[in-house]
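Chemist: Give me a 3D structure for the following:
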Amino acid sequence: MHSGFAVMSRSGRNWDDLRFFLAVARTGTLSAAAARTGTEHTTVGRRIRALEEGLGARLFHRSNLGYALTEDGANLMTVAEAMESAFLSASAAAQAGAQSVSGTVRIGAPDGFGSVFLASRMHRLTERHPGLEVEIMATARIFSLSKREADIVIGLSTPQQARVVARRLTDYRLFVYGAEAYLAAAPPITAVSDLTALPFVGYIEDMLFARELNYLGALEPAVSARLRSTNLLAQVHATLNGAGLCILPAFIAAAHPGLVPVLPGAVSLTRSFHMHIHEDHRKAAHIRAVAGFIAGEVEAAGALFAGPAV
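Modeler: Alright, predicted model coming up:
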């Protein structure tokens, strides 16, 4: 393939094509790349063909499963990401001196934190900055900052990816909860051993995206869930409607007065939230504004994350 220097010598002509190249390389399909770049899949395909013709190299293996990088494509990926990083760093430096905060910030967060905590608060920041738009991807999965899937990621541990700046936001506590009506009809629970006789709601263990979510495995004696979901809010509503007991973050349960903690003095877990930002973005004014707002809101809600006093 052409060397990286040859590609960079064409950067003025090819950068826009490289943007589409990166989108396809990261998503694996033309349709997903089109959604990411805000265009049509036919446009993405045309840009990829133009780039391949301009470089005289085949960049992707095409199949029914999607697009996979060839060796030449992998070589170009290194160059394209370096160019993208330089562009983002320059943009961030320019924004750092700007007076106004504007642009779009995408946050990737666990479903509970994103849907319950962030979604109810972010409007305070967007009202303060009319040019700012925030997207909250609240779902149980790992987000890749290097693939630009999000600008800010809320994780359950320190980052495993390179060139990521991280800060610990807070510890949060989890307790066993049950619906008030369910507990009134259930056998008395006076000891931890009583929990093994009752049904639990929990995660699908082989679909956990982080080991920190293996709550039931941390209990002694061990219990297993009879009703399972990958979604925390689904677990909440199942528990509210009498499906059994569930280990839930205190800040989630606090939004539902019908949930009652069970043996809070004997059974509790502690986990942590961490905020991750790619080095290329950390100086961008709009990302710094959102990151600072999240950190401030979390700090102010310390008692909410700590849960009931025991």
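Chemist: mind giving me the domain split of this structure?
Modeler: Using the TED database, the domain parsing of the chain gives 15-95, 110-309.
Chemist: Compare those and report which one is nearest to Ser102.
Modeler: Shortest separation from Ser102 across these is recorded for domain 110-309, at 3.0 Å, computed as C-beta to C-beta. In this view, the C-beta of every residue, glycine as well, is placed from N, C-alpha and C.
Chemist: what mean pLDDT would you report for the closest one?
Modeler: Averaged across domain 110-309, pLDDT comes to 93.
Chemist: What about Val134, how many residues nearby?
Modeler: Applying other C-beta atoms under 10 Å, we find 22 residues neighbouring Val134.
Chemist: Likewise for Pro257?
Modeler: The tally of other residues near Pro257 (other C-beta under 10 Å) stands at 8.
Chemist: Tell me where the stretch 201-310 of the chain has strands.
Modeler: Ranges of strands in the stretch 201-310 of the chain, per DSSP state E, counting those that start in this stretch, are 225-228, 245-249, 259-262, 268-278.
Chemist: Let me know which of those strands is tucked in deepest.
Modeler: Across those, averaging neighbours per residue (mean count of other C-beta atoms under 10 Å) puts strand 245-249 on top, at a mean of 26.
Chemist: Who are the packing partners of that one?
Modeler: The contact analysis (3 or more C-beta pairs under 8 Å, 6 or more residues apart in numbering; DSSP states H and E) places strand 245-249 against strand 164-179, strand 200-202, helix 232-240.
Chemist: so which of those comes closest to Ala284?
Modeler: With C-beta to C-beta as the yardstick, what comes closest out of those is strand 164-179 (12.1 Å).
Chemist: how about whichever helix or strand comes after that closest one: buried residues?
Modeler: Counting by DSSP states H and E, the next helix or strand C-terminal to strand 164-179 is helix 180-185. Buried residues in helix 180-185, defined by neighbour count with 16 or more other C-beta atoms under 10 Å: 182-183.
Chemist: how far does helix 180-185 sit from the chain's center?
Modeler: Mean-position distance between helix 180-185 and its chain equals 35 Å (C-alpha atoms, centre = their mean, to the nearest Å).
Chemist: for that helix, packing partners?
Modeler: Helix 180-185 sits against strand 259-262, with contacts defined as 3+ C-beta pairs under 8 Å, 6+ apart.
Chemist: So what are the sheet partners of the strand it packs on and their directions?
Modeler: Here strand 259-262 is paired, per DSSP bridges, with strand 164-179 (antiparallel).
Chemist: so the partner strand versus strand 268-278, what angle?
Modeler: Going by axes from the mean of the first three to the mean of the last three C-alpha atoms, to 10 degrees, strand 164-179 is angled at 150 degrees with respect to strand 268-278.
Chemist: how far out from the middle of the chain is strand 164-179?
Modeler: With C-alpha atoms, centre = their mean as the basis, strand 164-179 stands 14 Å off its chain's centre.
Chemist: Neighbours of Glu297, how many?
Modeler: 17.
Chemist: Likewise for Tyr215?
Modeler: The tally of other residues near Tyr215 (other C-beta under 10 Å) stands at 21.
Chemist: Not counting residues beside it along the chain, what's closest to it?
Modeler: Sequence neighbours aside, Ile247 is the residue nearest to Tyr215 in space, at 4.1 Å (criterion: C-beta to C-beta, 6 or more residues apart in numbering).
Chemist: Verify the stated contact: Glu40 with Ala34.
Modeler: Yes: Glu40 is within contact range of Ala34, at 5.7 Å (criterion: C-beta atoms under 8 Å).
Chemist: Next one: Ala210 from Ala74, what distance?
Modeler: Distance from Ala210 to Ala74, counting by C-beta to C-beta, to the nearest Å: 28 Å.
Chemist: nearest to His286, of the strands of the stretch 201-310 of the chain?
Modeler: strand 268-278 (11.9 Å).
Chemist: I would like the residues contacting the closest one, please.
Modeler: 113, 145-146, 151-159, 161, 163-175, 212, 215, 218, 247, 249, 287, 291, 294-295, 298, 307, 310 (C-beta atoms under 8 Å, 6 or more residues apart in numbering).
Chemist: What subset of those is buried?
Modeler: By 16+ other C-beta under 10 Å, the contacts of strand 268-278 give 113, 145, 151-156, 159, 164, 169-170, 172-175, 215, 247, 249, 287, 291, 294, 298, 307 as buried.
Chemist: Report the buried residues of stretch 115-135.
Modeler: By 16+ other C-beta under 10 Å, the buried positions in stretch 115-135 come out as 115-118, 121-122, 125-126, 129, 132, 134.
Chemist: quick one: contacts for the residue nearest to Tyr215?
Modeler: Contacts of Ile247 (C-beta under 8 Å, 6+ apart): 174-177, 200, 202, 215-216, 219, 269.
Chemist: Redo the residues you listed as TSV? Include distance to Val262.
Modeler: Output for the contacts of Ile247, formatted as TSV (distance: C-beta to C-beta, whole Å):
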residue	distance to Val262
Leu174	12
Phe175	7
Val176	4
Tyr177	7
Phe200	11
Gly202	14
Tyr215	14
Leu216	14
Leu219	12
Leu269	13
